[in-house]
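J.: A predicted structure for the sequence below; I have some questions about it.
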Number of protein chains: 2
Amino acid sequence: MQQAAPSAVRLAILGVGTVGTGVVNLLANNGDEIKRRIGRDIIITHVGTRRPRHDLPASIAQSADLLDIVTQDDVDIVLELMGGTTVAKDVIIAAIKHGKHVVTANKALLAEHGNEIFALAEQHGVHVAFEAAVAGGIPIIKTLREALAGNRINWLAGIINGTGNFIMSEMRDKGRNFDDVLAEAQALGYAEADPTFDIEGIDAAHKLTLLASIAFGIRLQFSQVYCEGITRITAQDVQYAKELGYRIKHLGFAVRRTLADGQEGIEMRVHPTLIPKDSLLAHVNGVKNAVLVDAEPVGQTLYYGAGAGAGATASAVVADVVDVARTLACSVPSSAPTAHGVAHLGFLPDALQPTYVLNSDEFVSGYYLRLKVKDDLGVLASITQILSNNHISIAAILQRPAHTAGEVPVIILVEPVLERHMNTAIAQIEALDSVTDSVMRIRIEALAANQ
Amino acid sequence: MQQAAPSAVRLAILGVGTVGTGVVNLLANNGDEIKRRIGRDIIITHVGTRRPRHDLPASIAQSADLLDIVTQDDVDIVLELMGGTTVAKDVIIAAIKHGKHVVTANKALLAEHGNEIFALAEQHGVHVAFEAAVAGGIPIIKTLREALAGNRINWLAGIINGTGNFIMSEMRDKGRNFDDVLAEAQALGYAEADPTFDIEGIDAAHKLTLLASIAFGIRLQFSQVYCEGITRITAQDVQYAKELGYRIKHLGFAVRRTLADGQEGIEMRVHPTLIPKDSLLAHVNGVKNAVLVDAEPVGQTLYYGAGAGAGATASAVVADVVDVARTLACSVPSSAPTAHGVAHLGFLPDALQPTYVLNSDEFVSGYYLRLKVKDDLGVLASITQILSNNHISIAAILQRPAHTAGEVPVIILVEPVLERHMNTAIAQIEALDSVTDSVMRIRIEALAANQ
């Protein structure tokens, strides 16, 4: 089936690990069906790998010299599937300069160097497609850039790290501790040996950077993302949240706000979050991903699927290849606003706006607070007085019998509040003699329409 | 903002009811943001309406002569938002013949006459875009044609009629009867004065026709869709399903099957269905829509949102307009496989296959059976013997105290079975003297991956 015909789309695949192998297999299995869609074969002409692969057809040239591969004439599209931000960056830049289209799954690279890469791609009239960089097999990039192009996005909230969601799901379903579940996730291959990027939220922050830019038409600003991981969440927090009608999920939020001066601001934040147990996002379990988008006038839409793995990522990579293949037939006049139909960040490069990005003390959200207090008369009165002094309304209180003699856990849910006020109140509460430990705080989001 | 510039994309909107007005409002509200995406204004030059609208800008020409509007030079894209299958067909054909691109939300027209319309569009090198025809604001057409283009679709299951889903949700949440809820749906404007298309499943069958073609690369075959409505579902059925761990939803299914002879077959069916209460589709309530797609290698993905209403439908219509606008800049050589990047049905016209469509007696599914039986000794033994004789395995039985003296409701869930065998067994059961009424049957689907 994969015979080189004059019109075949020719790929160089750089990196044949999990994802690269997934793409090879996808094309072998579904190549005929794809040809029914686009009328052309998609063939692999080169593979970039340090260790030669003996299971690939002899028609595929293998080499470790990636910078050489991207200069070859028999390559239309370079698939960068290695990861990392050093070599990957060099080969992508070289590919662009040689007029090759690029498809990549590299969220870290794009979140940190995408502005430079996309500018270069515009200059050379090539695509750098990256559906696979966010939420695996879920077509959230295409959806935001194309399907919702008539909308003004109010906010989006996403479960965009499968490892984190697996851990939170297991803690809730089985009452297990964080460390236990993390060890299992590593054993199952869901989490890396060094799980920092997943459990500290850095991977999610990379993805959120891309989503926020595409949602609002701003430059990529990874350093501006507020990022909090899941390592401090205890089995008790998960249990208390459940009793109060919530589930704790690790979410990324990109939110458009109107500031006090009437100007527009944007929040980019990744953190554990209590969400109502009846929301669809609350039912996204295990390693699955989902993104909820609130936009005007479409309202709320949600996109769900596998966020990682060979098959899901290969699906997104090949969708990008098909998109590029479908536009290869078009010739675009130099007067066109972009080198191709859809701008990299959904908005034209010169239409990206320098919108203000809020600091965390400007965020507004509800809060779950867990305190350890001495079983003294009057301690609850002192705490509620502090909240009241800081204009913070209490939504619920849960006080439980003491675990430890004389020490009582108290859970307080508060209504949405400016984070600066919350910080002040927590500092005052922690200064009370009767409060024996630092206050555990987790944000609450209602995920209501037109928030 | 909406000033005619040389490069503006010029629309004629035919029909300014709910959806047409939604598009007018969307462009007024979000026109600036859309221009940041595509670099061009989108302006309305003509509106086709019988009654002149006094709230539209004077720059928009209004006329009742639709066939004249579609010939005008200052029209790039015709938006057919009238509905119906007579006048709408004539104006779409006239528009195509005049080289105009068309965007339509008309599922009935396309399901019944799409083969003819798309062939004509290919011939004249224009798009007929129809995202709004299925599931309102959910970009399921784009997703199947583009985002999942690397996949082989195994099956899809969709809640694609908001009225029907509203009725089923209310019956479950509040224990209400079908007739009550239908009357309320009509009062709320969710259901038409003549609700036949919604409650008999015809509207869903129109949409399923489009989805099945795009999923599998077959011609549109509305007459081949098996279609069953929700009118026979009782409050008791809803309650029994709940007790057994299911919810009843009105679903459309497009399923790829391997037949006994090794050939491929396709099921297209719309019917009430018991689905596991923990599945995401079970949590799609009210007038919302959702489509679950099981594909190889991406696995299961789900798409959720508003299935109707001015805003959601306008969002899909304008997404199509933006897609067309983004490709207007491209010139496509006559040697290209389609007149534009994406074929109307996702697969190239000459790649559509004459795949066999199964008859209902060839379907395989589990079943919920509700019987009324006389409270006789041995009646259950006779029934289970009949099932056993027909190779049907029982998954669960629920027998309740008699409502009426001497008459007992019995609920039986059976494992997946060839429908022909189920029909035989039911005929034999209904022939028993102890069975006092016809058997109520509802299909069960597990929605499991790789079904």
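T.: Thanks, I have it.
J.: ok, longest helix in chain A?
T.: Longest helix in chain A by number of residues (criterion: DSSP state H): helix A:18-38.
J.: where does the residue of chain A positioned farthest from its centre fall, helix, sheet strand or coil?
T.: Computed with Cα atoms, centre = their mean, the residue of chain A farthest from its C-alpha average is residue A:377, at 46.1 Å. Using DSSP: H, G, I helix; E, B strand; the rest coil, the three-state assignment for residue A:377 comes out as coil.
J.: Roughly how far does residue A:268 sit from chain B?
T.: Applying Cβ to the nearest Cβ, to the nearest Å, the value for residue A:268 to chain B is 19 Å. The way it works is simple: take the backbone N, C-alpha and C, and place the C-beta from them, glycine included.
J.: isn't that residue right up against residue A:227?
T.: No: using Cβ atoms under 8 Å, residue A:268 makes no contact with residue A:227, being 9.0 Å away.
J.: Which neighbours do the two have in common?
T.: Common neighbours of residue A:268 and residue A:227 are listed as residue A:205 (criterion: Cβ atoms under 8 Å, 6 or more residues apart in numbering or on different chains).
J.: neighbour-wise, which of the two wins?
T.: For the pair residue A:268 and residue A:227, the greater number of neighbours falls to residue A:268 (24 against 18), based on other Cβ atoms under 10 Å in any protein chain shown.
J.: what's the nearest residue to that one if we skip its chain neighbours?
T.: Spatial nearest neighbour of residue A:268, chain neighbours left out: residue A:225 (4.4 Å); criterion: Cβ to Cβ, 6 or more residues apart in numbering or on different chains.
J.: ok, now residue A:396?
T.: Leaving aside its sequence neighbours, residue A:396 sits nearest to residue A:413 (Cβ to Cβ, 6+ apart; 4.2 Å).
J.: Could you do residue A:67 as well?
T.: residue A:94 (5.3 Å).
J.: Count the residues that sit near the residue nearest to residue A:268.
T.: So residue A:225, with other Cβ under 10 Å, has 24 neighbours.
J.: Also residue A:353?
T.: Residue A:353: 13 neighbours (other Cβ under 10 Å).
J.: wouldn't it be in contact with residue A:218 here?
T.: Yes: counting by Cβ under 8 Å, residue A:353 touches residue A:218, with 6.0 Å between them.
J.: re earlier: give me the mean pLDDT for the longest helix of chain A.
T.: Averaging pLDDT along helix A:18-38 yields 96.
J.: Can you name the next helix or strand after that helix?
T.: Sequence order places strand A:42-48 as the next helix or strand after helix A:18-38, per DSSP states H and E.
J.: List the neighbouring strands of that next one plus their orientation.
T.: According to DSSP bridges, strand A:42-48 has the following sheet partners: strand A:9-14 (parallel), strand A:61-63 (parallel).
J.: any idea how far residue A:189 is from chain B?
T.: 16 Å.
J.: I'd assumed that residue was in a strand, is it?
T.: No: read with three-state DSSP, residue A:189 is coil and lies in no strand.
J.: Run a quick neighbour tally on it.
T.: Around residue A:189 there are 9 residues (other Cβ under 10 Å).
J.: And residue A:219, by the same measure?
T.: Residue A:219 has 16 nearby residues by other Cβ under 10 Å.
J.: So it is in contact with residue A:213, correct?
T.: Yes: with contacts counted by Cβ under 8 Å, residue A:219 reaches residue A:213, the gap being 6.6 Å.
J.: hey, what's in contact with both of those two?
T.: Shared contacts of residue A:219 and residue A:213 (Cβ under 8 Å, 6+ apart): A:345, A:352.
J.: mind checking the SS state of residue A:395?
T.: Applying three-state DSSP: residue A:395 is strand.
J.: dump the residue contacts of it.
T.: By Cβ under 8 Å, 6+ apart, residue A:395 lies in contact with A:366, A:413-415.
J.: Output the set of residues of the stretch 51-200 of chain A in proximity to chain B.
T.: A:131, A:137-139, A:142-143, A:145-152 (Cβ under 8 Å from any Cβ of the partner chain).
J.: which two from these end up farthest apart in space?
T.: A:137 and A:152 (26.9 Å; Cβ to Cβ).
J.: Looking at those two, which is more packed in?
T.: residue A:137 (32 against 18).
J.: Okay, residue A:272 and residue A:292: tell me how far apart.
T.: Distance of residue A:272 to residue A:292, given as Cβ to Cβ, to the nearest Å: 16 Å.
J.: before we move on, what about residue A:20?
T.: According to Cβ to Cβ, residue A:20 stands 31 Å off from residue A:292.
J.: Around the spatially closest residue to residue A:20 that is not a sequence neighbour, how many other residues sit close by?
T.: Take residue A:20 and drop its neighbours on the chain: the residue closest to it by Cβ to Cβ, 6+ apart is residue A:81, 4.4 Å away. If you count neighbours by other Cβ under 10 Å, residue A:81 ends up with 26.
J.: Residue A:419 too?
T.: Residue A:419: 19 neighbours (other Cβ under 10 Å).
J.: Is it in contact with residue A:366, as I believe?
T.: No: using Cβ under 8 Å, residue A:419 is not in contact with residue A:366; the gap is 11.0 Å.
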